[in-house]
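A.B. asks: coordinates for the following, if possible.
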Amino acid sequence: MRVTIAEVAQRAQVSKATVSRVLNGKPDVDASTAQRVRKVIDEIGYVPSARAVGLARGRTRTVAMLAPSLTWPWMGEVLQGIVDTLEADGYGLLLHTLNRGPESLNQFANHVSANAFDGLLVVEPPDALHYISTLYRAGLPVVMIDDRGSHPEFPSVTTTNRQGGADVARHLVAAGRRRFAVVTGPPHFGCTQARLDGFRLALAEAGLTLHPDLVVDGDFTQEGGEVAVDKLVASGIPFDAVFAQNDLSAVGVLRALRESGRTVPGDVSVVGFDDVPLAGHTEPRLTTIRQPLQEMGAAAARMLLSTLEGQPMPDHPLVLPTSLIVRESAP
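C.D. replies: This next block holds a predicted model:
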């Protein structure tokens with residue numbers, strides 16, 4: 001059963017109007033009373049309805065988006081899906097990044113305090129998840145895009161990372177490859193482990209294993225892909241396939257393999273993940289796992305708009321399917 005504002009008021013021994021004033025940051029509430037109300041809210045998990053908060057705050061017909069950076073290779077595709085959906089419904093987009101660290105977050109917090117937007121789309125920024133969760137518990141509608149496996153308390157749109165990793169392995173096995181290397185993403189990203197788990201599972205189904213020394217930590221950058229190949233070559237362990245867990249690191253893998261004297265796909269097959277526009281312009285063109293990036297942005301925007309119109313938030317992530325795109329780097 002949904003916890004109501006009346007239950008919060010009863011437990012905190014205040015009126016419903018006082019609870020409402022605390023939730024909306026009104027200054028006319030005694031500090032100790034406000035602290036008691038917030039403590040009860042945290043204890044019983046009260047989340048105000050989006051419609052009630054919207055009525056209290058006043059509608060702006062603006063949605064905010066918070067992202068670590070706009071330089072991520074797939075961010076443009078996600079943004080396009082968001083903007084197309086919002087504009088079709090008469091909403092504007094207020095875009096924030098965290099390029100300047102705490103200063104950027106403070107500027108975003110000022111817009112929150114000013115009630116500058118009705119809801120928030122977020123690509124999980126480092127070290128900000130607790131703050132975003134606090135906003136959600138206070139009644140701000142929030143939807144996360146690409147939840148990195150963290151499964152936050154608020155709704156999210158993600159893709160089948162584990163299945164994508166498995167599809168890479170099955171494709172390479174079918175192509176006759178038997179000595180596999182993996183360049184992972186950052187270890188703290190949930191998608192990194194999910195993609196690796198799926199890859200290992202599919203190899204095990206084929207009676208094959210992944211040599212632990214051929215799994216190299218990467219950072220989703222081109223430079224990280226180059227460094228990873230240098231480590232693989234230096235290990236002296238032969239490999240005939242590389243699964244780079246995003247396309248940008250795969251670009252680095254291709255370059256480093258070429259510099260080491262290895263041909264792609266003759267000596268080594270290479271597969272990426274994301275299918276950003278760059279993947280169709282590498283040499284050779286990159287086989288990869290397509291994430292439906294525009295669809296992810298559009299689905300997240302639709303979910304948020306539905307919530308602003310009073311529909312209940314879904315209680316589980318929306319998972320969109322990935323697909324294998326075969327090109328010349330791993331035919």
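A.B. asks: domains in the protein, by residue range?
C.D. replies: Recorded structural domains for the chain (assignment: the TED database) are 5-57, 62-159+294-319, 161-292.
A.B. asks: ok, which of the ones you listed comes nearest residue 331?
C.D. replies: Taking Cβ to Cβ, domain 161-292 is the member of the domains of the chain nearest to residue 331, at 6.2 Å. The C-beta positions use only the backbone N, C-alpha and C, and glycine is treated the same way.
A.B. asks: how about the strands in the stretch 201-331 of the chain?
C.D. replies: For the stretch 201-331 of the chain, the strands defined by DSSP state E, counting those that start in this stretch occupy 215-216, 241-244, 269-274, 287-290, 318-320, 323-325.
A.B. asks: who are the packing partners of the third one?
C.D. replies: Same thing as strand 269-274. Contact here means 3 or more Cβ pairs under 8 Å, 6 or more residues apart in numbering; DSSP states H and E; on that basis strand 269-274 packs against helix 161-174, strand 241-244, helix 247-259, strand 287-290.
A.B. asks: mean pLDDT and distance to residue 213 added to those, as a markdown table?
C.D. replies: Listed next are these as a markdown table, based on pLDDT from 0 to 100; distance: least, Cβ to Cβ, whole Å:
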| stretch | mean pLDDT | distance to residue 213 |
| --- | --- | --- |
| helix 161-174 | 98 | 18 |
| strand 241-244 | 98 | 14 |
| helix 247-259 | 97 | 17 |
| strand 287-290 | 98 | 24 |
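A.B. asks: quick one: which of these is nearest residue 104?
C.D. replies: Here helix 247-259 is closest among those (Cβ to Cβ), at 22.7 Å.
A.B. asks: mind giving me the packing neighbours of the closest one?
C.D. replies: The contact analysis (3+ Cβ pairs under 8 Å, 6+ apart) places helix 247-259 against strand 180-183, helix 222-235, strand 241-244, strand 269-274.
A.B. asks: mind listing residues that contact it?
C.D. replies: With contacts defined as Cβ atoms under 8 Å, 6 or more residues apart in numbering, helix 247-259 is touched by 73, 183, 185, 218-230, 233, 242, 244, 263-264, 267-268, 270-276, 278-279, 282-284, 286, 288, 329.
A.B. asks: so how far is it off the chain centroid?
C.D. replies: When distances are taken as Cα atoms, centre = their mean, to the nearest Å, helix 247-259 is centred 24 Å away from the chain's centroid.
A.B. asks: stretch 191-209 now?
C.D. replies: Centroid separation for stretch 191-209 versus its chain: 21 Å, with Cα atoms, centre = their mean.
A.B. asks: and the helices and strands packed on strand 269-274, which is most packed in?
C.D. replies: Neighbour counts (mean count of other Cβ atoms under 10 Å) averaged over each of the helices and strands packed on strand 269-274 peak at strand 241-244, with a mean of 29.
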